[in-house]
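# Predicted structure and sequence below. I'll ask about it afterward.
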Amino acid sequence: MTEYSATADCFDVKTDELAIDNQIRTTRRATCVLCGGSGEYVYRGLSDRLFSAGGDWSLKQCTNDGCGLIWLDPMPLAEDIGKAYANYYTHTAQTASNGNSLLRRTYQRMKRGYLAGKYGYTQGSPESPAPLLGKLLYLFPLRRFAADASVRFLPAKPRGRLLDVGCGAGEWITVMRDFGWEVEGLDFDENAARVGRANGLKVHCGALEEQDFPSDSFDAVTLNHVIEHVPDPISTLTECARVLKKGGKLVLATPNNASLSHRVFKRDWRGLEPPRHLHIFSPSSMRRLLAMAGLKQIAIRPSIASSVVYESVQLRRGRTGAAATSEGNRPVHILAHAFNLAELCLVKWKPAAADCMIAMATKP
């Protein structure tokens with residue numbers, strides 16, 4: 001789930017700038033928050049076809065060739081953003097799949113062996129990992145990337161401190177706790193935080209900037225599809241850098257506005273998601289953001305996301321709400337898988353073509 005700043009003074013809002021848009025108040029955002037460049041409208045009159053938040057929304061793109069950020073203009077006020085989540089994903093504890101087929105068990109052993117061999121994760125399972133078996137995962141690149149993403153590319157660090165910003169009910173940090181990390185989570189949804197606490201997790205509620213974590217507290221901070229939701233991404237990542245220890249790692253995932261799927265699906269692209277996605281980054285604008293937060297050793301990796309393509313196809317077909325996000329259409333799944341395989345080949349030469357990106361950086 002997402003986390004966002006609840007402060008209203010992020011944008012120096014003036015009373016005469018406010019507008020009412022289906023009860024979500026907005027303010028103009030004429031220039032790029034990263035470079036101050038001007039923006040040109042790329043989409044106008046978008047609506048929320050997924051979760052039925054009110055209003056018509058427009059997106060601008062920075063005209064600075066070295067940036068390329070896309071943002072909402074006008075943008076919801078920080079204190080009204082919660083209204084856009086009234087019908088959003090629920091935050092309940094997820095149960096593991098009951099599937100126990102031989103194929104599934106074999107894949108799980110391959111995955112555990114792969115994580116042990118590449119990242120050093122030897123805890124978290126009653127079975128001993130088999131690194132040699134894990135090498136077979138290199139034959140399946142999409143599955144291998146999914147395994148990398150399952151630990152967010154973080155090497156094992158027994159008793160290392162990990163903060164997940166936008167943790168939802170804490171399913172992922174539960175896995176990482178079993179792998180030996182000392183975990184904490186943060187989410188703005190009190191119901192999600194309550195579920196996490198009921199499962200024995202340390203989950204905070206509210207904006208990151210409000211938590212007052214001590215400086216140099218964490219060995220790793222992660223944000224999985226969170227940064228696109230925050231009204232002030234510079235403030236959020238600067239705070240992430242502050243709470244990281246020297247040499248600590250920040251890892252985030254976010255949609256990539258330079259992707260092939262965005263070029264193909266345009267206003268039907270799942271990564272737009274107005275009005276919840278306030279800023280949609282390109283690899284160059286993400287590098288700029290991480291540098292502005294004071295982070296170093298910045299690396300951007302392509303991320304193939306089958307759900308982005310699947311749901312983009314559904315939106316192109318006119319599906320909305322649950323019909324767009326449900327996974328029951330097998331022909332669309334086949335089409336999305338074929339598209340993903342094409343992307344997988346393309347990103348070897350053009351990494352920016354991927355649906356999403358994984359950004360990693362280090363606190364100097």
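Ah, there it is. Numbering: from 1, shown residues only.
# where exactly do the strands run in the stretch 151-300 of the chain?
Taking DSSP state E, counting those that start in this stretch as the criterion, the stretch 151-300 of the chain carries its strands at 161-165, 182-187, 203-205, 218-224, 244-255, 279-280, 296-303.
# out of the ones you listed, which comes closest to residue 318?
strand 244-255 (21.6 Å; CB to CB). For every residue, glycine as well, the C-beta is placed using N, CA and C.
# If you count contacts, what does that closest one end up packed against?
On a contact count with 3 or more CB pairs under 8 Å, 6 or more residues apart in numbering; DSSP states H and E, strand 244-255 meets strand 218-224, helix 233-243, strand 356-362.
# Most tightly packed of the ones you listed?
Here the criterion is mean neighbour count by mean count of other CB atoms under 10 Å, and of the helices and strands packed on strand 244-255 the winner is strand 218-224, at a mean of 24.
# That one vs helix 233-243, what angle?
150 degrees (axes from the mean of the first three to the mean of the last three CA atoms, to 10 degrees).
# Now do strand 218-224: which elements does it pack against?
Looks like strand 218-224 contacts strand 161-165, helix 233-243, strand 244-255 (3+ CB pairs under 8 Å, 6+ apart).
# any chance of the ones you listed in TSV, with distance to residue 70 too?
As requested, the helices and strands packed on strand 218-224 are exported to TSV (distance: least, CB to CB, whole Å):
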stretch	distance to residue 70
strand 161-165	22
helix 233-243	12
strand 244-255	10
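# Can you add mean pLDDT and distance to residue 58 and give these back as a markdown table?
Below are the helices and strands packed on strand 218-224 laid out as a markdown table (pLDDT from 0 to 100; distance: least, CB to CB, whole Å):
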| stretch | mean pLDDT | distance to residue 58 |
| --- | --- | --- |
| strand 161-165 | 98 | 28 |
| helix 233-243 | 98 | 19 |
| strand 244-255 | 98 | 18 |
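# Residue 152 is nearest to which of the ones you listed?
Smallest distance to residue 152 across the helices and strands packed on strand 218-224 (CB to CB): 4.7 Å, for strand 244-255.
# What residues sit buried inside that closest one?
Judged by neighbour count using 16 or more other CB atoms under 10 Å, the buried positions of strand 244-255 are 244-245, 248-255.
# With stretch 159-166 instead?
Result for stretch 159-166 [16+ other CB under 10 Å]: buried residues 160-166.
# of all these, which comes closest to residue 180?
residue 160 (7.8 Å).
# Could you check how far the nearest residue to that closest one once chain neighbours are set aside is from residue 185?
Closest residue to residue 160 apart from its sequence neighbours, by CB to CB, 6 or more residues apart in numbering: residue 219 at 4.0 Å. Counting by CB to CB, to the nearest Å, the separation of residue 219 from residue 185 is 15 Å.
# for residue 28, same thing?
34 Å.
# Those two: which is more packed in?
residue 185 (28 against 14; other CB atoms under 10 Å).
# and that one, what is it in contact with?
163-164, 167-168, 170, 173, 193, 196, 201-204 (CB atoms under 8 Å, 6 or more residues apart in numbering).
# who does it bridge with?
Beta-bridge pairing for residue 185 (DSSP bridges): residue 164, residue 203.
# Over to the spatially closest residue to residue 242 that is not a sequence neighbour: give its phi and psi.
If the residues on either side of it in the chain are set aside, residue 242 comes closest to residue 215, at 5.4 Å by CB to CB, 6+ apart. Backbone torsions of residue 215, given as degrees, to the nearest 10, read phi -60, psi 150.
# Is it correct that residue 215 is in contact with residue 239?
No - shown here, residue 215 and residue 239 do not form a contact pair, counting by CB atoms under 8 Å, at 10.1 Å.
# if we can go back for a sec, nearest to residue 111, out of the helices and strands packed on strand 218-224?
strand 244-255 (18.8 Å).
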